[in-house]
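Asks: Build me a model from this:
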Amino acid sequence: RRVLFRSGNSQDDVGHVYRNSNEQVLFVDLVPTEYYARNPNLLRTRGSYESLQGENGENNTVWPARPTTGVNRGYQTGVLREDGSLARFTAVNSPTVYRGDRLPAELRGNVFVAEPAGNTVSRLILSDDGSKIVARKAYEKGEFFVSTDERFRPVYISSAPDGTLYVVDIYHGIIQHKGFITEYLRDQILSRNLDKDLHHGRIWRIVHDSTVRGPRPALSKATLPQLVATLSHPNGWWRDTAQRLLVERGAKPVVAQLTQLAASAPAPRTKLHALWTMDGDDLTTPAIVLRALGDPSRDVRVSAIRLAERFMADNRDVQAAVAKLVDDADWNVQQQLAASIAALPDGTRETTITALLAKRGDNPVVVDAALSGIRGRESALLTELLKGTTQTAPREQAITMVAATVVRASQDTPVQTLLAWVADSSHPTWARSAVLRGAEVALTGAAAPGTAGGRRGGANAAAADAPCPTCPGRSEEHTSELQSR
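Replies: Reported below is the predicted structural model:
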């Protein structure tokens with residue numbers, strides 16, 4: 001029988017979703033992935049599934065406590081170290097953000113991942129470097145939870161109701177489907193009888209010397225006011241469950257308490273629970289959104305932008321408050337704003353996106369999130385961007401990616417208009433070059449602005465930033481040099 005353990009997902013206190021896959025330890029959605037499904041002409045989807053593997057993939061390194069020769073492809077160079085232990089993740093799964101309250105405070109917000117092939121549970125520490133979320137391994141050549149027992153197979157991790165961590169261990173010698181067992185692995189299994197000693201799976205409860213059991217949850221019997229109070233609980237499981245029950249039962253009788261909590265709760269995460277609870281029961285009002293859009297917490301502002309989408313089409317106060325966030329300096333606010341602007345009405349939408357890209361067009365997440373919401377209106381946006389006569393890196397890079405999306409859409413009239421604009425020598429050379437670079441990105445796979453250091457490595461920075469070979473203003477000598485390569 002096939003054992004399923006791959007991947008999984010988790011979210012942090014503010015709603016960022018984390019995922020992984022086999023050999024890649026961790027990714028994060030800085031912008032909810034569903035936004036990118038709006039435009040099939042995108043050339044990339046930066047902001048969705050952003051890599052947290054480290055600049056050189058260093059976070060994919062794993063440190064088992066024993067030789068782990070019983071892994072598929074263990075015979076290949078580099079899979080195992082000289083001591084026989086797994087060198088890098090090969091079956092990593094179940095990324096889990098610890099949101100409990102019964103383990104040391106330094107673990108809160110950390111991500112834990114399971115590696116059944118290496119008999120380990122790893123810990124990664126997340127931080128905000130001022131422009132994105134970054135991750136690092138918690139220990140130098142060590143792991144959070146390891147076993148010398150080859151049958152220890154962690155396949156699921158949970159931030160538990162009691163505030164600790166639960167680890168599901170299927171305790172099984174074989175974890176591969178029979179169709180994937182190589183001759184090498186078959187020999188490993190038979191030599192150590194890994195096909196024997198079954199039916200001993202268990203759940204590990206990870207505690208600390210300081211761990212004290214809290215009260216048993218009984219939220220199914222709680223009143224609506226008690227559930228509202230639970231939105232402030234230090235354990236994320238309790239908060240999430242209270243929010244779910246409020247939405248399921250109907251929170252209208254306690255909307256006044258929720259509104260007060262969203263406005264003045266000491267912890268931003270409590271404000272978020274209150275806001276999303278009201279949204280879940282269709283109790284959100286423009287006044288609630290307007291207050292949240294001006295909240296001191298960037299995390300509250302980010303959620304407020306999403307909640308404002310339902311009012312952006314016809315509420316002028318909300319439109320003005322959202323447009324004002326173009327000047328917000330926070331990176332996550334910028335990115336969510338780019339994704340949500342599409343809900344603004346025609347005219348206001350293009351004006352606001354243009355203003356945002358003129359400032360943040362050198363941020364690939366902002367660009368892709370913005371482009372995701374303007375399917376069919378890319379040409380109008382490009383026209384607005386090209387009205388700017390001053391060459392800046394944000395405007396130039398935004399023009400390139402918008403032009404690339406126009407070309408990718410393969411609609412005759414917009415593409416012909418674009419090429420005619422490039423051919424008109426009265427336009428600034430830098431702008432014509434930026435448009436033509438976009439055509440090359442779409443048609444030839446040339447490196448897009450901001451590609452270097454992207455979620456899967458991308459091209460090198462020099463290639464991404466170098467002028468395109470056929471752009472206006474390029475010297476004949478340089479063009480000949482490129483053609484001779």
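
Asks: who's in contact with Ile305?
Replies: Contact criterion Cβ atoms under 8 Å, 6 or more residues apart in numbering gives Leu293, Val322, Leu325, Val333, Gln336, Leu337, Ser340 as the residues in contact with Ile305. The way it works is simple: take the backbone N, C-alpha and C, and place the C-beta from them, glycine included.

Asks: The second one is in what secondary structure piece?
Replies: Counting by DSSP states H and E, the element that carries Val322 is helix 316-324.

Asks: same thing with the last one?
Replies: Assigned by DSSP H and E, Ser340 belongs to helix 331-340.

Asks: so what does that helix touch, helix or strand wise?
Replies: helix 298-308, helix 348-360, helix 364-372 (3 or more Cβ pairs under 8 Å, 6 or more residues apart in numbering; DSSP states H and E).

Asks: try 10 Å
Replies: helix 298-308, helix 316-324, helix 348-360, helix 364-372 (3 or more Cβ pairs under 10 Å, 6 or more residues apart in numbering; DSSP states H and E).

Asks: top of the contacts of Ile305 by neighbour count?
Replies: Counting neighbours by other Cβ atoms under 10 Å, Gln336 leads those with 28 neighbours.

Asks: show me the contacts for that residue.
Replies: By Cβ atoms under 10 Å, 6 or more residues apart in numbering, the contact set of Gln336 is 30-32, 35, 47, 298, 301-306, 325, 328, 330, 365-366, 369.

Asks: can you map out the strands along this protein?
Replies: Secondary structure of the chain, counting by DSSP state E: strands at 9-11, 17-21, 24-29, 50-51, 93-97, 111-115, 120-128, 133-137, 145-146, 154-159, 165-169, 202-206.

Asks: Next, the angle from the third one to strand 133-137.
Replies: To tie it back to what came earlier, the one meant is strand 24-29. Interaxial angle of strand 24-29 relative to strand 133-137 (axes from the mean of the first three to the mean of the last three Cα atoms, to 10 degrees): 160 degrees.

Asks: Strand 24-29 pairs with which strands, and in what direction?
Replies: Strand pairing for strand 24-29, determined by DSSP bridges: strand 17-21 (antiparallel), strand 50-51 (antiparallel).

Asks: And the longest one, by the same measure?
Replies: Note on strand 120-128: by DSSP bridges, its sheet partners are strand 111-115 (antiparallel), strand 133-137 (antiparallel), strand 145-146 (antiparallel).

Asks: related to what we said a few turns ago, can you list the residues that contact the helix holding Val322?
Replies: 286-287, 289-294, 304-305, 307-313, 315, 337, 340-341, 343-345, 348-349, 351-352, 355-356.

Asks: again, only this time at 6 Å
Replies: Residues from elsewhere that reach helix 316-324 (Cβ atoms under 6 Å, 6 or more residues apart in numbering): Pro286, Leu290, Leu293, Ala308, Phe311, Met312, Thr348, Thr352.

Asks: Check pLDDT for the residues you listed and point me to the minimum.
Replies: pLDDT across those is at its lowest for Thr348, which sits at 93.

Asks: what's the nearest residue to it if we skip its chain neighbours?
Replies: Nearest residue to Thr348, sequence neighbours excluded (Cβ to Cβ, 6 or more residues apart in numbering): Gln319, at 6.0 Å.

Asks: Show me where this protein dips below the pLDDT cut-off.
Replies: By pLDDT under 70, the weakly predicted segments of the chain are 1-6, 452-485.
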